[in-house]
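> Sequence plus the predicted model coming up.
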Amino acid sequence: GRKERGGAKGSYCWEDKWRERERERERERERERERERERERERERERERERERERERERERER
């Protein structure tokens, strides 16, 4: 990349920006993991609802 004013300070600025981008990527990964966990919870809830429906059908058949 282009060097900024002040040589050494410029490289420091570049390092800072790079680290900031790395932190942003980490935050994004965390958000993705959270979304995945939410999707998993949703799937679990759906499975539970299905099991409940199955139990209801079983009760209906028994009557």
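Sure thing, it's come through.

> going forward, measure contacts between C-alpha atoms and count neighbours the same way
OK.

> Relative to the whole chain's centre, how far out is the host helix or strand of Arg35?
Secondary structure from DSSP states H and E places Arg35 in helix 8-62. Distance, stretch centre to chain centre, for helix 8-62: 4 Å (CA atoms, centre = their mean, to the nearest Å).

> any idea of the mean pLDDT for that helix?
Mean pLDDT, helix 8-62: 92.

> Report all helices and strands that that helix contacts.
For helix 8-62, the packing partners by 3 or more CA pairs under 8 Å, 6 or more residues apart in numbering; DSSP states H and E come out as none at all, with no helix or strand in contact.

> just use 509 as the starting number from now, easier for me
With 509 as the first residue, the last one maps to helix 516-570.

> Glu534: how many residues sit nearby?
Neighbourhood size, Glu534 [other CA atoms under 10 Å]: 12.

> That should have said Glu556, apologies.
So Glu556, with other CA under 10 Å, has 12 neighbours.

> which ones are touching the residue most central in space within the chain?
By CA atoms, centre = their mean, the chain has its centre lying nearest to Glu540, at 1.9 Å. Going by CA atoms under 8 Å, 6 or more residues apart in numbering, Glu540 touches no other residue.

> Return the distance of it relative to Arg533.
Per CA to CA, to the nearest Å, Glu540 is found 10 Å from Arg533.

> for Arg545, same thing?
Here the criterion is CA to CA. By it, Arg545 lies 18 Å from Arg533.

> Next: Glu564.
47 Å.

> Then Arg563?
45 Å.

> cool, and Glu550?
For Glu550, the distance to Arg533 (CA to CA) stands at 26 Å.

> same question, Glu562
44 Å.

> cool, Glu556 as well?
35 Å.
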